[in-house]
Every structure is written in C-alpha cells, then in structure tokens.
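Chemist: Turn this into a structure:
(one chain, ligands or ions: 2)
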Amino acid sequence: MKIGLKIIVSFFLIIFIQVKLFCGEGMWLPHLLNALNEKEMKAMGMKMNAEDIYSVNKGSLKDAIVHFGGGCTSEIISGQGLLLTNHHCGYGYIQSHSSVEKNYLKNGYWAKTKSEELACGGLTATIISRIEDVTKQILNGTSSNMSEAERRPIIEKNIKVLTPTIQRATHEDVFIRAFFNGNQYFAFITVTYKDIRLVGTPPESIGKFGADTDNWVWPRHTGDFSLFRIYAGKNNLPADYSEENIPFTPKHFLPINMNGVQDGDFTMVFGFPGRTNEYLSREGVRQIVEVQNPIRVTMRDHALKIMDKYMRVDEQTKIQYSSIYAGIANAWKKWIGENQGVKFTKGLDRKQAVDEEYTKRVNANPAFAEYRNILSDLDKHYLASEKYTAAKEYYAEGFQRNLQLFNFYSIAKKLISTQESKGNEEFEKLKKDYLLDADGYYADYQEKIDQEILATLLEIFHKGCDPSLQFPELKLQLEKLNYDYSKYAKHIYDNSNYATASQLKKFLTMNVNEMKTALSNDPSWIFYEAMTPFIKNEILVKSNLHDEAILDLRRRHMESLIKVFPERKFYPDANSTLRVTYGQVEGFQPRDGACYNSKTYLDGVIEKYIPGDYEFDVHPKLIDLYKRKDYGKYAENGRMPVAFIASNHTTGGNSGSPAIDAHGNLIGLNFDRVWEGTMSDINYDRSICRNIMVDARFILFVIDKFAGASHLIDEMKLVYPKSTKSRKNKK
Ligand code: ARG
Ligand code: ASP
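Modeler: Numbers count the residues shown, from 1 in each chain. Ligands and ions are numbered 1, 2, ... in the order given. Below is the predicted model of the structure:
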C-alpha cells in the first residue's frame, strides 16, 4: 500500500514536472538544440539526436529545409529535388502560368514529365549550409550602455568587415543577423538555387478550400499544398535557368510517414518564421492590442465590407477583387483573433506579473542596479509615442494599404523623381515600361470601389486621428466641402491623372513639364504630396526619438531578462531565420464548454460543400472518390484524413514548413494557426495556441488518386514507422 502510494505520488510528480517542462513555446535555433532542447524533445518522444536535425559534418534534416522565395518555407521530399510547399506560397507562380485557356488556379496542373515542369522566373530556393556565432566580432567596440545611435555605425562596420572573411565556397552566400534584440549575432552561410519549376498544384477548390471564411479557422479542410522542383547545373550547384539544368540531388530529403498521427505524438516544425515579439513588457503588448489593432481592424472592416458588397453582386468583381480582398483580410482576421486571444488568456495580466517579478528581482539585487529604470523608461516612451503610433496606423491603413489609388500615385511620383534624379533617358524608358503594363495595374481595380473606400476611410481618419496630427491640406479641403467625405473622394478621383487606366495612359504620353502642370491641378497628387512630408516632419521625426529609445531599452531589457530569470530558457524572437519548434498533436478548448479534436477528415469537406460557391465548391472527382471511398493506401481506418493541429509555436513564414515526426519523417505540411491562438506572436499560451497542418497522406492521396500523378509518388520514399506517442506528456 505504502509502496503503491509512493509510486502513484512519484508518477504524478513526473507527470507534473514533464508537463511543466514542456510548454510548447519557443522557436529554437537548430544548431543550439543539443545544449538547450534535445533532452526535452526526447522526453516528449523524439527518437532522433540533435545531430540528426542539424549537422555540418553529415546530411541532416536541415539540408531538406528550404527558404521558398524568401518568404515561405518548403522542404525537399525526393532525391530529385522535389519541393513541397503551400498552395498559398506558390500562388503567385501558379497564377503567372495561368490564363483563361489554361487556368491552373481553377483546374490545377500536373506535369506529366520533367519537360512539362514550368520555370518560375525570380523564384529562389535557399538552403542553410552552416550557422556561426559571430557575436564577439560584431559587438566589438560597443558597450551595453551605449545608445542605439552610437552602436549602429560600429555594428554596421563590423558586419561589413567580417562578412567577406567568413569561410565559404564560391557558390555560397553569407549574411549576418541580430538576435535577442541585438544582444547576439549569427552568420548564416547559405546556398541559393535559382532555377525552380512548378511541378504540380491541385485546383483552388482543394488548395484554397474554404478561402477567407475558413482562413485562420479550425476545424479546417484545406489541401493547401503545391509542388515545385529545384534544378541545378550539371555539377549540382546553383545555376540560372537553362534547359540543360538537371534536377537537384539534395544531401537529405524527408521520407513520408504513411501511418499518420495520433493525439500525443511528438511533432516538430522546421522552417523560417518571420517575426514575433515575445518579450514585450505589459505596456508594449497593451499598445498593440489597445492602440494599433483596433485602428487597423476598424479601417479594414470598412474597406472589406465595401469590396464584399460589390463582389457579392457581380461575378467579374469577385474575380477581380478576390486576391486583394484575401490579402487585406488575412492580417485583419489575424489581428481580431490576436486581441481576442490576449483577452481570453488575460495576456496583459500575465505580462504584468512578469514585469512585477522582474522589478522585484532587479530591485533586490545590487548587481542588477543598472537595470532598475528600464521598465519605467520603456513605459514613459511607449506612452509618449502612443499618439504617433496611432497616427501612423491611421495614415497607413487609411490612405495607403487599403487603397489602390496610392499605388497609382506612386507611379506618377516615381516618374517625376526619376526624371529629376536620372534625367530624360531613364524617364522615357520608365514611361515605356509603365505604358506596357498600364492595363495590368488596373486589372483588379474599379474606380468606384476605391473611391467609396477612400470616402469611408477619410471619415474614420478625420474623426479618429489626433487633430494635431492631421495634415493641413486635408483639413482645409474638408472644411471647404463642409465635411462631405464622399464629395471630397469624388473630387479626388474625378480630377486625377491616374485614377483609371486611360487617364494613366494619357498621362504617360506627356513630357515632364506637361506632367508637372497636370499634377499641379490634381487633387490626389496634392493630397499625397502634402501628406508625405507632413508624416515625415510632424510624426516620424518626433516618434523616431521614442522609437530609438525603445529599441535601445528593449535590447537592454532582453539582456537583463536572461540574467534576471536564470531558471528560464530563452529563445530569440523570429527574424526569418531557420528555427525548430516542437510540440505534440493535441486538440484544445477554445472557450467554455467547447472542445476541438485534433484531426479532420474528408467527410468534413463534404459537409462544408456548397455547389458552385467560390469558397466551398468541391471538385466532382473528389466527390466521386469520397463516395467510392477510393482512398488506396492513404486511408486511416477507412477514412481520409485531411488536416491536424498540434502545439507547435509557429508564425507567418512557417507556411510550407514540414511537420516532422519523432524519427525525422514528414507527417504534415504547416499552413496556418487557429484563430483563438494567433496571439502566439506576442503571448504564446499552450492552452489555445495550435498550428494547422495538412496531413501528408491527404497530399499523397490528391497527387495519386485525384490527379493520377503517381509518377511523383514513385520518386518519394514512403515509410511505415511505429507510433511514438509521448504518453508521458499526456495529462
Ligand atoms: N492565414 C494563412 C497565413 O497567414 C493563410 C493565408 C492564405 N489564405 C487565405 N485565404 N488568404 O498565411
Ligand atoms: N499562414 C502563415 C504563413 O503564410 C502561417 C501562420 O501565420 O501561422 O506563413
């Protein structure tokens, strides 16, 4: 009895320690896993060593992880350089190969042979050869209490001097990045391939199933994947596009786990997360959720509603605006989720608790005397810059990001400035280029929609933005027009030189003096020309003083956090460099009384099916396969898995990242996060933060059964490992 009790007690203790140990949070540097994470990863069920993930001496997982076009992630899944990424990452390239007759977005595309693989000009694929700590060399000559302005030139010079001395092969590149807000520096030695070709893509009804309605949402049923291939010169080294190029032979590629996942399984996501801010003080987070996000969300709410109104009643408008709408809606929806998540998890209170504990420790320890004012100074600068922070959002959302007019103004601006700085020859060349593309610029644009958006945003701007930070020209015009925002917007578009394609084309026939004369009576030109210097002189010049101080304080805050909390393991914020994050397959409770499972199946696609709908239509072939349950070897107990979630800490840029099992096999393809947990960029909380992945078996099923491209399956390596459930971690 006594022994039994002891066992039970120690069993619970182990569970407690392990659960506490594993929090799911963290985007770790792959070359430091050995020291920081290996033990925990193994305790969670990982069967590899850190050396299998990152090694400079032998092929390791990192050799299969590829930065896709600098924004997304992708991974090599065959010995012939076959590259897997998201449909939404390949979207632009798929679109550029599409036409009305060959609509690959709508119908999908599958190269039957290598000769049918389509070159994607401008697309690059970068692999990391090696990562080196260069902190000492880069910080040489600086000291911790120097200001940012003093440190910056020293650091820039050190980077410039050191970069060319770093050992590398002729085909390799080097760049150096700051970590931990400038407390640490790493050099990345990379290889970039430049001949990347489109191999296959499912139709949008699979690759973008659920579109904006389902974006950021769980349960999800999107087959968000596409396939590319890296080509190299005959020597397997990077080469510009050439018919002579051959498929790249990688040092490593990911085998694919055909057994799928179960709750509790270890997962790891390996990729290039873009940007996070996990170490903000309470005030820093408060500014995001109480100042920035509400302005952004409100303005986008209105812009999106106007687009939607027109998209609903006209098919042509829907096609025109769907991509612009998706772009604006993606961040809009994320910010809404972010605010809800911070509120739901009491994120501000949590940040406050950290700040208070920090202050307590700093005040108690004379060795930390130099840190005593950091938080109060940060608060001071955050508060002082708040009105500028708000104004910057009002301007950007009001008159730049949500309006196409701003892009057209930028064309005119570029023309004038080119003539002034580079002379007539360059100016004429630019005019010709613009003329060639003119129709394209306006292809996804309708003047009346843009104008209505401006009218609405003008009003929100005028009523919301600090009056002292509104530019005089705007105030003047509004007063003149008796605060009739629509009238002002109409005046702007009616009298513009570039609000329509034909106006721009006419404008492009003018010489520079004619252009200048035309612009001098152009209310949109006058608007933006008055706005830009005002923002610079009245907002940026003043806010930069605070922003610089905040940068400086955040660097010192970060440095001190590491010292003040020696029991905590710290990982650097995301900065588009290679990272590993790990967790386990698990559902979650988004709110009281609700519970989400970790997996979805093809049955859910059919449940969501709305015939003819632009978001939820389903391809007849997929319906047929479903009806016949023709899933081949890809089924799981007679059902076709589609997506799953896990507690991996991911962010934008992780799209296209592989989800990897305990043995190093591909089990899924990361593409999104759950809405409730999008706050993970500023306030990770394992209770509701989940990443969303396409199940690898669904990808194979679509390639094989749906598209009939079994030759692609043949070049992959399918494996059937034992389940590696990390039961110890299960509550
Ligand atoms: N939310 C995902 C990400 O941030 C997917 C976006 C693409 N899909 C869409 N419907 N807009 O990139
Ligand atoms: N959808 C994002 C991306 O494209 C991933 C995320 O934000 O979770 O990178």
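Chemist: Every contact and neighbour count from this point should use C-alpha atoms.
Modeler: Fine.
Chemist: Give me the most central residue, this structure.
Modeler: The residue lying closest to the centre of the chain (CA atoms, centre = their mean) is residue 652, at 2.2 Å.
Chemist: what's that residue in contact with, if anything?
Modeler: Contacts for residue 652 (CA atoms under 8 Å, 6 or more residues apart in numbering) come out as 72, 273, 274, 275.
Chemist: Show me which residues of this structure sit near ligand 2.
Modeler: By CA under 6 Å from any ligand atom, the residues of the chain that approach ligand 2 are 72, 650, 651, 652, 653, 654, 655, 671, 672, 673.
Chemist: want to try CSV for the residues you listed, with pLDDT as columns?
Modeler: Shown next, in CSV, are these (pLDDT from 0 to 100):
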residue, pLDDT
72, 98
650, 98
651, 98
652, 98
653, 98
654, 98
655, 98
671, 98
672, 98
673, 98
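Chemist: Highest neighbour count among the residues you listed?
Modeler: Among the residues of the chain next to ligand 2, the one with the most neighbours (other CA atoms under 10 Å) is residue 650, at 37 neighbours.
Chemist: So that one: helix, strand or coil?
Modeler: coil (DSSP: H, G, I helix; E, B strand; the rest coil).
Chemist: any idea how far it is from residue 120?
Modeler: Distance from residue 650 to residue 120, counting by CA to CA, to the nearest Å: 27 Å.
Chemist: those helices in the stretch 101-250 of the chain, which residues are they?
Modeler: Along the stretch 101-250 of the chain, counting by DSSP state H, counting those that start in this stretch, helices occupy 104-107, 135-139, 148-162, 204-207, 211-214.
Chemist: Out of those, which one sits most buried?
Modeler: With neighbours taken as mean count of other CA atoms under 10 Å, the helices of the stretch 101-250 of the chain reach their highest mean count in helix 204-207, at a mean of 25.
Chemist: ok, it near ligand 1 or not?
Modeler: No: in terms of CA under 6 Å from any ligand atom, no part of helix 204-207 sits within range of ligand 1; the closest distance is 9.4 Å.
Chemist: Tell me which other helices or strands that helix touches.
Modeler: Packing contacts for helix 204-207, counted by 3 or more CA pairs under 8 Å, 6 or more residues apart in numbering; DSSP states H and E, involve helix 104-107.
Chemist: contacts for the host helix or strand of residue 544?
Modeler: Using DSSP states H and E, residue 544 sits within helix 541-564. Around helix 541-564, the neighbours that count as contacts under CA under 8 Å, 6+ apart are 144, 147-149, 180-183, 279-280, 358, 361-362, 368, 371, 374-375, 377-378, 381-382, 384-385, 388-389, 568, 570.
Chemist: nearest to residue 533, of the residues of the chain next to ligand 2?
Modeler: Closest approach between the residues of the chain next to ligand 2 and residue 533, by CA to CA: residue 652, at 32.1 Å.
Chemist: what about the helix holding residue 544, distance to the chain center?
Modeler: On the basis of CA atoms, centre = their mean, to the nearest Å, helix 541-564 sits 24 Å off its chain's mean C-alpha point.
Chemist: ok and it relative to helix 148-162, angle-wise?
Modeler: 70 degrees (axes from the mean of the first three to the mean of the last three CA atoms, to 10 degrees).
Chemist: For helix 541-564, list every residue counted as buried.
Modeler: Buried residues in helix 541-564, defined by neighbour count with 16 or more other CA atoms under 10 Å: 543, 546-547, 549-561, 564.
Chemist: which of the contacts of residue 652 are close to ligand 1?
Modeler: Counting by CA under 6 Å from any ligand atom, no member of the contacts of residue 652 is near ligand 1.
Chemist: Quickly name whichever of the residues you listed is closest to ligand 2.
Modeler: Nearest to ligand 2 out of the contacts of residue 652 is residue 72 (CA to the nearest ligand atom; 6.0 Å).
Chemist: Select from the residues of the chain next to ligand 2 every entry located in strands.
Modeler: Counting by DSSP state E, the part of the residues of the chain next to ligand 2 found in strands is 72, 671, 672, 673.
Chemist: any idea how far the second one lies from residue 683?
Modeler: It stands for residue 671. The span separating residue 671 from residue 683 equals 20 Å under the rule CA to CA.
Chemist: Surely residue 702 touches residue 201?
Modeler: No: with contacts defined as CA atoms under 8 Å, residue 702 does not count as touching residue 201, sitting 9.6 Å away.
Chemist: So between those two, which is more surrounded?
Modeler: Taking neighbours as other CA under 10 Å, residue 702 and residue 201 compare with residue 201 leading, 28 against 21.
Chemist: Show the contacting residues for the nearest residue to the more buried one once chain neighbours are set aside.
Modeler: In space, and not counting its chain neighbours, residue 201 is closest to residue 226: 4.6 Å by CA to CA, 6 or more residues apart in numbering. Shown in contact with residue 226 (CA under 8 Å, 6+ apart): 84, 85, 86, 87, 90, 199, 200, 201, 202, 207.
Chemist: Restricted to strands, list the residues you listed.
Modeler: Secondary structure defined by DSSP E assigns 84, 85, 199, 200, 201 of the contacts of residue 226 to strands.
Chemist: May I see these arranged in JSON lines, with pLDDT as well?
Modeler: Converted to JSON lines, the ones in strands among the contacts of residue 226 look like this (pLDDT from 0 to 100):
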{"residue": "84", "pLDDT": "99"}
{"residue": "85", "pLDDT": "98"}
{"residue": "199", "pLDDT": "98"}
{"residue": "200", "pLDDT": "98"}
{"residue": "201", "pLDDT": "98"}
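Chemist: Break down the stretch 251-400 of the chain into its strands, ranges please.
Modeler: With strands called from DSSP state E, counting those that start in this stretch, the stretch 251-400 of the chain shows them at 256-257, 266-271.
Chemist: And for the last one, what's in contact with it?
Modeler: Taking contacts as CA under 8 Å, 6+ apart, the residues outside strand 266-271 that touch it are 44-46, 62, 65-67, 73-74, 577-585, 646, 648, 650, 653-654, 657-662, 670, 724-726.
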